[in-house]
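>>> here is a sequence with its predicted model. Questions after.
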Amino acid sequence: MGADPGNIIEIVVADITTLQLDAIVNAANESLLGGGGVDGAIHRAAGPQLLEECRTIGGCPTGQARITFGYGLPARRVIHTVGPVWHGGARGEEDALASAYRSAFALARGNGLSTIAFPGISTGVYGFPKDRAARIAVREAREAAATGAFRRIVLCAFSPDDARGLNEALREAN
C-alpha cells in the first residue's frame, strides 16, 4: 500500500465495490447503462436501482462525470466518469483522462463527499497505457488532495502489478 506525505492518497488492491467510502468512481461508458469490467461489477453490486437512475441521466460525454446514489453498495454515492479510448495518444487522450478525474473530484467536492475511490480509468478495454494513466491519476489526486476537501483518496488497483505502477507514479511525484 502506498501513501502520500499527507496520508490522504492511498493505493490499495481491492474490489472497489466493497469499499465503504462516501463515493466510488465508476469507469463508465458514455451511455452510463453498464458494461464490462469495473462498470459491470459496480452495476451488479449496486442492484437494478442504479441502472434505473442512470437511465434518467441521459449519458455522459468523455471527460465528464455524473453522480448517482450507491444503492446496494457500501459507498453512498457512485460518480460515473467516462475516460477516453486510447488511439495512440495524438487525439487528446491524456487531457480527456485528466478531465475525467478532475470532473469526478469536482462532483465529489460539490456534494460534500470527502472520501473517494477511483479504479484505473480507461486502462481496461479502452486500452490506455497503464503507466501513463497511473501518472495522470496520481497527479490529479495530488491536486485534489491539495484543495483540503478530501480526507481520503483511494486509487484502487485491480492487481498487485497495477498497484506497483501506481506506487511508482506516486514516488516519482513526491
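Cool, got the structure.

>>> for the rest of this, base every contact and every neighbour count on C-alpha atoms.
OK.

>>> so where's this structure shaky on pLDDT?
Where the chain drops to pLDDT under 70, the residues are 1-6.

>>> now residue 26: phi and psi?
The phi and psi torsions at residue 26 (degrees, to the nearest 10) take the values phi -100, psi 130.

>>> I figured it hits residue 78, correct?
Yes: look at residue 26 against residue 78 with C-alpha atoms under 8 Å: they come within range, at 6.6 Å.

>>> who has more neighbours, the two?
Between residue 26 and residue 78, residue 26 has the larger neighbour count (other C-alpha atoms under 10 Å), namely 31 against 26.

>>> buried ones in the helix or strand harbouring residue 97, by neighbour count?
Assigned by DSSP states H and E, residue 97 falls within helix 93-110. Counting neighbours by 16 or more other C-alpha atoms under 10 Å, one finds that the buried residues in helix 93-110 are 93-94, 96-109.

>>> need the next SSE after that helix, C-terminal direction.
Reading on from helix 93-110 to the C-terminus, the next helix or strand found by DSSP H and E is strand 115-118.

>>> what is the end-to-end distance of stretch 19-33?
In terms of C-alpha to C-alpha, to the nearest Å, the two terminal residues of stretch 19-33 are separated by 22 Å.

>>> against residue 148, how distant is residue 155?
Computed with C-alpha to C-alpha, the distance linking residue 155 and residue 148 is 17 Å.

>>> rewinding a little: can I get the helix holding residue 97 in PDB? Just the C-alpha atoms.
Coordinates of the C-alpha atoms in helix 93-110 are reproduced here as PDB (Å, rounded to 0.1, in the frame of the first residue of the first chain):
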ATOM      1  CA  GLU A  93      -6.400  11.200 -24.700                       C
ATOM      2  CA  GLU A  94      -4.200  12.400 -21.800                       C
ATOM      3  CA  ASP A  95      -6.200  15.600 -21.500                       C
ATOM      4  CA  ALA A  96      -9.500  13.700 -21.700                       C
ATOM      5  CA  LEU A  97      -8.400  11.300 -18.900                       C
ATOM      6  CA  ALA A  98      -7.200  14.200 -16.700                       C
ATOM      7  CA  SER A  99     -10.600  15.900 -17.300                       C
ATOM      8  CA  ALA A 100     -12.400  12.700 -16.300                       C
ATOM      9  CA  TYR A 101     -10.500  12.700 -12.900                       C
ATOM     10  CA  ARG A 102     -11.000  16.400 -12.400                       C
ATOM     11  CA  SER A 103     -14.700  16.200 -13.200                       C
ATOM     12  CA  ALA A 104     -15.200  13.300 -10.700                       C
ATOM     13  CA  PHE A 105     -13.300  15.200  -8.000                       C
ATOM     14  CA  ALA A 106     -15.300  18.400  -8.600                       C
ATOM     15  CA  LEU A 107     -18.600  16.400  -8.300                       C
ATOM     16  CA  ALA A 108     -17.400  14.900  -5.100                       C
ATOM     17  CA  ARG A 109     -16.400  18.300  -3.600                       C
ATOM     18  CA  GLY A 110     -19.700  19.800  -4.800                       C
END
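
>>> cheers, nothing more for now.
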